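>>> curious how this folds, go ahead:
(chains A, B, C and D)
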Protein chains: 4
Amino acid sequence: MSQAPSGDCLRPWEQYRKALPDDHPCAGHEKLLDDLSRCGRLFHRRGWSVGTSSNYSVVLSQNPVDLIVTASGLDKGRLNRHSFVRVNETGRPDPVGQPASSAETLLHVVLARRPEPVGCILHTHSIWSTLLSQRFFAEGGFWIEGYEMLKGFEGVRTHEHKMWIPVFDNTQDIPVLAAQVGELQNASPEKISHVFLIRRHGLYTWGKDVFAARRHVEIAEFLFECVGRQTRLA
Amino acid sequence: MSQAPSGDCLRPWEQYRKALPDDHPCAGHEKLLDDLSRCGRLFHRRGWSVGTSSNYSVVLSQNPVDLIVTASGLDKGRLNRHSFVRVNETGRPDPVGQPASSAETLLHVVLARRPEPVGCILHTHSIWSTLLSQRFFAEGGFWIEGYEMLKGFEGVRTHEHKMWIPVFDNTQDIPVLAAQVGELQNASPEKISHVFLIRRHGLYTWGKDVFAARRHVEIAEFLFECVGRQTRLA
Amino acid sequence: MSQAPSGDCLRPWEQYRKALPDDHPCAGHEKLLDDLSRCGRLFHRRGWSVGTSSNYSVVLSQNPVDLIVTASGLDKGRLNRHSFVRVNETGRPDPVGQPASSAETLLHVVLARRPEPVGCILHTHSIWSTLLSQRFFAEGGFWIEGYEMLKGFEGVRTHEHKMWIPVFDNTQDIPVLAAQVGELQNASPEKISHVFLIRRHGLYTWGKDVFAARRHVEIAEFLFECVGRQTRLA
Amino acid sequence: MSQAPSGDCLRPWEQYRKALPDDHPCAGHEKLLDDLSRCGRLFHRRGWSVGTSSNYSVVLSQNPVDLIVTASGLDKGRLNRHSFVRVNETGRPDPVGQPASSAETLLHVVLARRPEPVGCILHTHSIWSTLLSQRFFAEGGFWIEGYEMLKGFEGVRTHEHKMWIPVFDNTQDIPVLAAQVGELQNASPEKISHVFLIRRHGLYTWGKDVFAARRHVEIAEFLFECVGRQTRLA
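Down below sits the predicted model:
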């Protein structure tokens, strides 16, 4: 339509309207893809998903894992229904013939296997998460405690709550990192309850649906800035 | 309508257009609800109402208290005419059968009873209010003095004004907190003239109408950032 | 028109379209008023004109002074063609019967009398200008020197430029403040070349047209943040 | 069209639609110009291209150099298809009779001659790049190392990467500066791999296309803020 502002870089409205072809691996899940695309535009605007950083997924089944994750190398401020890849238990595109999925897809698979309902996994890169992940790497992480905003995390009912934010070392060997995350989930689930950081890299969080996971990103970023401004970084 | 960008997360234009059904408890007040919804989008964009934090109300009557407040657990960047609950003097939904109102509704009721005209009450959660509420909790609050911006608060006529910002301790026991606020209003109204903070939680302010209350949020946040950047936090 | 998003708080498109009635004191200048309104929306978004702070004018004639200035007490993020007052040499609405003009109208009149072409005067309130005006009040102002961005100020041709930013004390006695500004303009024009600050209050700048003045606001704010981040404030 | 919001300052949608006349020097490249215009709006919103700062180009041919660069003195938040100048190997408008090109066009020409594919060159002015260019000028530049975000730069495959950000002194003698940049590119290409700074002035980066260059701006700004917040500036 001529008056729709498709020329505007962050609002590709028109492609929202078209259903995926029936034989597309993500057909039938357009609503979820649109929700992830909106997250991407919001996070890009906030400065949490700049460049081609970040990746997002929706989990269609936790057991066996069946998820849809952002394709590799895209501008997260301009996702559309063709920006995603369907992936199976092994972290590989299924069916074959789709674009490459994010290099970190295996982390999504490991998080999708958590015991509680996980419908969405979001990975973002912010200034404050990067700074704190560096500052507290040597301690293995840091505590966040006493903030009302903690109640925005699923299942937290009072500000009198103490949450450990673990920091993993960064590596390009994603299977190793995924195994470390999986181990902590098994061994000390209370230390990886809602969010973790990778050193000088970024944040992972998840939720029962896209809204819950997005809420967790917003809350984590709020709390990180609070902690960061009370911490000597320079 | 196909060209209206209803897919955009922060501008649910279409639902604005539909009047509430005649038997809806908020029917006839659509304009006020739209004003609160716009506040929510603005505050979400500013980072003052992220996650599901914050709650907002419009006061239809101060005596007896009759108000409309945001329902519990909503994304404040996407409020629409169905996001609100009508509440009576006791802080409970009236008529029954509506969604749960915000957990902090009783604070709205106490503020609605103030002696001056109160048409709107806004509660937000910003980084700077959180930091200052922690920094000055031990002193019970802090003074803001000498800023031209103070004149934006209703009734303040000169920058040569000294305003006390009280900080209450946070608690999940809202009736207790509401009683403390009510007591300070009675005992020392000059110490709770336009705004107060709850420790590591957020800001409450109010005004004769939605615009006045929103203006008070903007001014308070401006002044908090000024104070915060002149204060050693780290 | 039903599909125009008039419900959105910062884009009152529809009122743009209607010419003012022929007998309105600002009739025929709608384009300039629209330009000022756009400045207001931009500055509100940037956090430089929150609450009801700030005032803006366009100068129709410098001698005798004939200008149009924002009416008092408005939200600068929502100006429209009915938000302005025409004012004469004395700083009073002319013709009578218009809304009250900004309390600081006399400062606009004094600036309109500057010797160079002045088509627009902008007064904004930012965090950084407030902080610097406080920090450097005792010295009477501060120098900005050596930044490429200085070249954005009208008439500056090299970064090897040194600009004095004078800071006046704040007062509610605007005629006194206007006289001080006028005196500095006469006595030491090189010390008040493009911009001045009022202590804990805000910035004044001007330009040959709305675009030049807006550019000066953006540049001044950029430079203030640079200076502020290199200055110990806490 | 009456409902298109052409009055909004940052979205001049309508002029997007019109192809340039056949005899315009930039005819046939409208898509690239639109991409640069969108970059300008994004960067203006981010605060990286305020006032009339910044200039952007697309490279049509690297040998001989044939490029299209922003005309001098424009608001980068409002570029349209008529905001550009076609320039040849000498940095001069070709054909003659076009508006003046940016004063820094020669830097674009030197960068267009780099050995790798260069399709777009972006120059921006941010707070953090200005501060770091001043802080690290005496050392000739600074290292960025160990950040995942580095992988967003073309050709970088791991966060275990060390990138030198050279800082050149500012000057109004652009041929001299262009020669210095050209010399460093020849003598030590590893020290000027993706981005350089000019002291108290801004950033230059480039990429194989507009998206790659914009990505490099976003990544560089992200990393500069990370470094800046860990550095004592005051």
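>>> show me where chain A has strands.
For chain A, the strands defined by DSSP state E occupy A:55-62, A:65-70, A:84-88, A:120-124, A:141-145, A:162-168, A:195-198, A:202-207.
>>> partners of the second one, with directions?
Paired neighbours of strand A:65-70 in the sheet (DSSP bridges): strand A:55-62 (antiparallel), strand A:84-88 (antiparallel).
>>> list the contacts of the last one.
Read it as strand A:84-88. Contact with strand A:84-88 is made by A:25-26, A:33, A:36, A:57, A:64-71, A:93-95, A:98-101, A:105, A:108-109, as judged by CB atoms under 8 Å, 6 or more residues apart in numbering or on different chains. All C-beta spots, glycine's among them, are computed from the backbone N, C-alpha and C.
>>> mind running it again at 7 Å?
The contact list for strand A:84-88 (CB atoms under 7 Å, 6 or more residues apart in numbering or on different chains) reads A:25-26, A:33, A:65-71, A:93-94, A:98-99, A:101, A:105.
>>> now the spatially most central residue of chain A, nearest residue through space, not along the chain?
For chain A, A:Leu122 is the residue whose C-alpha lies nearest the centre (CA atoms, centre = their mean; 1.1 Å). Closest residue to A:Leu122 apart from its sequence neighbours, by CB to CB, 6 or more residues apart in numbering or on different chains: A:Ala213 at 4.8 Å.
>>> need the contact list for the one you found.
Counting by CB under 7 Å, 6+ apart, A:Ala213 makes contact with A:120-122, A:205-207.
>>> what parts of chain A come near chain C?
Within chain A, no position lies close to chain C (CB under 7 Å from any CB of the partner chain).
>>> returning to that earlier point: so how far is A:Leu107 from the residue nearest to the centre of chain A?
Separation of A:Leu122 from A:Leu107 (CB to CB, to the nearest Å) stands at 11 Å.
>>> of all the contacts of strand A:84-88, which two lie farthest apart?
The distance between the two most remote of these (CB to CB) is 19.1 Å, for A:Val65 and A:Pro99.
>>> contacts only, for A:Trp128.
Contacts of A:Trp128 (CB under 7 Å, 6+ apart): A:221, A:224-225, A:228.
>>> from the residues you listed, which are also near chain B?
A:Glu225.
>>> a markdown table for the contacts of A:Trp128, including pLDDT and neighbour count?
Converted to a markdown table, the contacts of A:Trp128 look like this (pLDDT from 0 to 100; neighbours: other CB atoms under 10 Å in any protein chain shown):
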| residue | pLDDT | neighbour count |
| --- | --- | --- |
| A:Glu221 | 98 | 25 |
| A:Phe224 | 98 | 24 |
| A:Glu225 | 98 | 21 |
| A:Gly228 | 98 | 20 |
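>>> from the contacts of A:Trp128, which is closest to B:Trp48?
For those, the nearest to B:Trp48 is A:Glu225 (12.5 Å; CB to CB).
>>> who touches that closest one in this structure?
A:128, B:127.
>>> same check on A:Ala19?
A:Glu30.
>>> any idea how far A:Ala178 is from it?
Distance from A:Ala19 to A:Ala178, by CB to CB: 33 Å.
>>> quick check, pLDDT for A:Arg11.
pLDDT recorded at A:Arg11 is 44.
>>> from the chain's centre, how far out does the biggest helix by length in chain A sit?
If you go by DSSP state H, chain A has its longest helix at helix A:210-229. Distance of helix A:210-229 from its chain centroid, counting by CA atoms, centre = their mean, to the nearest Å, is 12 Å.
>>> and the angle from it to strand A:162-168?
Here helix A:210-229 runs at an angle of 90 degrees relative to strand A:162-168 (axes from the mean of the first three to the mean of the last three CA atoms, to 10 degrees).
>>> return helix A:210-229 as CSV; C-alpha atoms alone will do.
Listed in CSV are the C-alpha atoms of helix A:210-229, where the atom choice follows Å, rounded to 0.1, in the frame of the first residue of the first chain:
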residue,chain,number,x,y,z
VAL,A,210,7.8,-14.2,24.8
PHE,A,211,6.4,-11.6,27.1
ALA,A,212,7.8,-13.3,30.2
ALA,A,213,11.3,-13.5,28.6
ARG,A,214,11.2,-9.9,27.4
ARG,A,215,10.1,-8.8,30.9
HIS,A,216,13.1,-10.7,32.3
VAL,A,217,15.5,-8.9,29.9
GLU,A,218,14.0,-5.5,30.9
ILE,A,219,14.3,-6.3,34.6
ALA,A,220,17.8,-7.7,34.4
GLU,A,221,19.0,-4.6,32.5
PHE,A,222,17.4,-2.3,35.0
LEU,A,223,19.0,-4.1,37.9
PHE,A,224,22.4,-4.3,36.1
GLU,A,225,22.4,-0.5,35.6
CYS,A,226,21.5,0.0,39.3
VAL,A,227,24.3,-2.3,40.4
GLY,A,228,26.7,-0.8,37.8
ARG,A,229,26.2,2.8,38.9
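>>> all helices in chain A, in order from the N-terminus.
Under DSSP H, chain A gives helices at A:13-17, A:30-46, A:105-112, A:127-135, A:174-187, A:210-229.
>>> pick the one among the contacts of A:Trp128 closest to D:Gly51.
Using CB to CB, the contacts of A:Trp128 come closest to D:Gly51 at A:Glu225, 28.1 Å.
>>> burial of the nearest residue to A:Phe211 once chain neighbours are set aside, as a residue count?
Nearest residue to A:Phe211 in three dimensions, chain neighbours excluded: B:Asp75, at 6.7 Å (CB to CB, 6+ apart). Neighbours of B:Asp75 under the rule other CB atoms under 10 Å in any protein chain shown: 20.
>>> tell me how far B:Asp75 lies from chain C.
Separation of B:Asp75 from chain C (CB to the nearest CB, to the nearest Å) stands at 17 Å.
>>> which one, of the helices of chain A, ends up nearest to D:Leu42?
Between the helices of chain A, helix A:30-46 lies closest to D:Leu42; by CB to CB that is 9.3 Å.
>>> could you name the helices and strands sitting against that closest one?
Packing partners of helix A:30-46 (3 or more CB pairs under 7 Å, 6 or more residues apart in numbering or on different chains; DSSP states H and E): strand A:55-62, helix A:210-229.
>>> tilt between that helix and strand A:120-124?
When the same axes, to 10 degrees is applied, the directions of helix A:30-46 and strand A:120-124 differ by 20 degrees.
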